[in-house]
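In: Need coordinates for the below:
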Amino acid sequence: MASDRAASALSWWRESGVDALVAEEPRDWLNPRAPAAVATPEAPAMGALPETLEAFRSWLATSPDLPLARPGARRIGPSGDPASGLMVLVDMPAPADLAAGALLSGDAGALFDRMMKAIGRGRDSLYLAPLSPVRTATGTIPADAAVRLADIARHHVGLIAPKALLLFGGACAKALLGLPVLRARGRWHQTATLGRTVRTLATIRPEKLLGQPGLKKHAWEDLQLLMEGLTP
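Out: Numbering: from 1, shown residues only. As a prediction, the model looks like this:
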């Protein structure tokens with residue numbers, strides 16, 4: 001119900017430390033915002049990637065051609081409802097995710113769940129996927145692998161065809177938008193894939209919000225934009 005969604009949103013707002021509708025930076029209200037950036041002018045060639053979602057998910061889970069794949073490396077694949085209209089992309093599984101066998105586990109996952117609840121969503125009403133199903137030893141994605149993983153992610157987005165794409169963290173923002181997350185957040189972008197574009201937002205990853213609670217107000221601003229974009 002609308003009242004439940006409003007109460008959930010206010011709860012997240014209070015937790016984020018927002019107690020007034022005042023931004024930290026001045027905004028010129030008399031002039032419109034600059035047009036949203038376009039990530040890529042056209043969809044890149046996808047090579048031999050599977051053309052159905054079922055086959056593609058199997059490829060993600062088993063193919064030796066997946067960047068960063070190595071013998072014995074555990075892969076954590078996507079979950080949720082591909083028909084939900086909202087796709088969420090994270091960089092890679094965290095150590096807790098490898099133990100749990102699911103993305104966004106532990107404290108970061110609990111915060112993610114609260115964030116999604118604040119906009120009236122749950123894990124059954126979004127589609128959650130990793131940029132890399134494999135975690136690297138350093139927890140970062142090498143630049144050469146990031147290029148191919150970005151192509152694979154665009155193909156994935158094209159197969160899902162969501163109404164909106166939410167990118168968590170710098171690795172995803174850089175791979176798909178070509179920008180660090182703090183420059184990309186706060187406005188809509190377009191991600192081109194498979195002959196169409198998908199409206200895309202970038203925001204701060206839950207792990208960083210746990211370490212720097214002061215950033216939660218920025219994440220809440222991004223979630224408000226997302227709610228507006230998902231409203232029929």
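
In: could you measure G72 against G178, distance?
Out: 33 Å (Cβ to Cβ, to the nearest Å). Using the backbone N, CA and C atoms, a C-beta is placed for each residue, glycine as well.

In: L226 too?
Out: 21 Å.

In: The two: who's more crowded?
Out: L226 (23 against 14; other Cβ atoms under 10 Å).

In: Quickly list what the most centrally placed residue in the chain is bridged to.
Out: With distances taken as Cα atoms, centre = their mean, L167 lies nearest the centre of the chain, 2.5 Å away. Per DSSP bridges, the residues bridged to L167 are L89, A202.

In: what about G139, distance to S84?
Out: When distance is defined by Cβ to Cβ, G139 is 28 Å away from S84.

In: more crowded one of those two?
Out: S84 (20 against 12).

In: Could you say which helix or strand holds the residue lying closest to A94 once chain neighbours are set aside?
Out: In space, and not counting its chain neighbours, A94 is closest to A108: 6.6 Å by Cβ to Cβ, 6 or more residues apart in numbering. Taking DSSP states H and E as the definition, one finds A108 inside helix 106-118.

In: how about that helix: buried residues?
Out: For helix 106-118, the buried set under the neighbour-count rule, 16 or more other Cβ atoms under 10 Å, comprises G106, A108, G109, L111, F112, M115, M116, K117, A118.

In: Stretch 93-109 now?
Out: Neighbour-count burial for stretch 93-109 flags P93, A94, A96, D97, L98, A102, L103, L104, S105, G106, A108, G109 (criterion: 16+ other Cβ under 10 Å).

In: Would you mind giving the residues you listed as JSON lines with pLDDT and distance to S132 added?
Out: Output for the buried residues of stretch 93-109, formatted as JSON lines (pLDDT from 0 to 100; distance: Cβ to Cβ, whole Å):
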{"residue": "P93", "pLDDT": "98", "distance to S132": "8"}
{"residue": "A94", "pLDDT": "97", "distance to S132": "12"}
{"residue": "A96", "pLDDT": "95", "distance to S132": "16"}
{"residue": "D97", "pLDDT": "97", "distance to S132": "12"}
{"residue": "L98", "pLDDT": "96", "distance to S132": "13"}
{"residue": "A102", "pLDDT": "97", "distance to S132": "16"}
{"residue": "L103", "pLDDT": "98", "distance to S132": "11"}
{"residue": "L104", "pLDDT": "98", "distance to S132": "14"}
{"residue": "S105", "pLDDT": "96", "distance to S132": "16"}
{"residue": "G106", "pLDDT": "95", "distance to S132": "19"}
{"residue": "A108", "pLDDT": "97", "distance to S132": "17"}
{"residue": "G109", "pLDDT": "97", "distance to S132": "18"}
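
In: Now flag whichever of those is closest to K217.
Out: The closest of the buried residues of stretch 93-109 to K217 turns out to be A108 (Cβ to Cβ; 18.3 Å).

In: So the residue nearest to A94 sits against P95, correct?
Out: No - taking Cβ atoms under 8 Å as the contact criterion, A108 and P95 are not neighbours in contact, 10.7 Å apart.

In: re the thing from before, now do the helix holding A108: distance to the chain's middle.
Out: Centroid separation for helix 106-118 versus its chain: 13 Å, with Cα atoms, centre = their mean, to the nearest Å.
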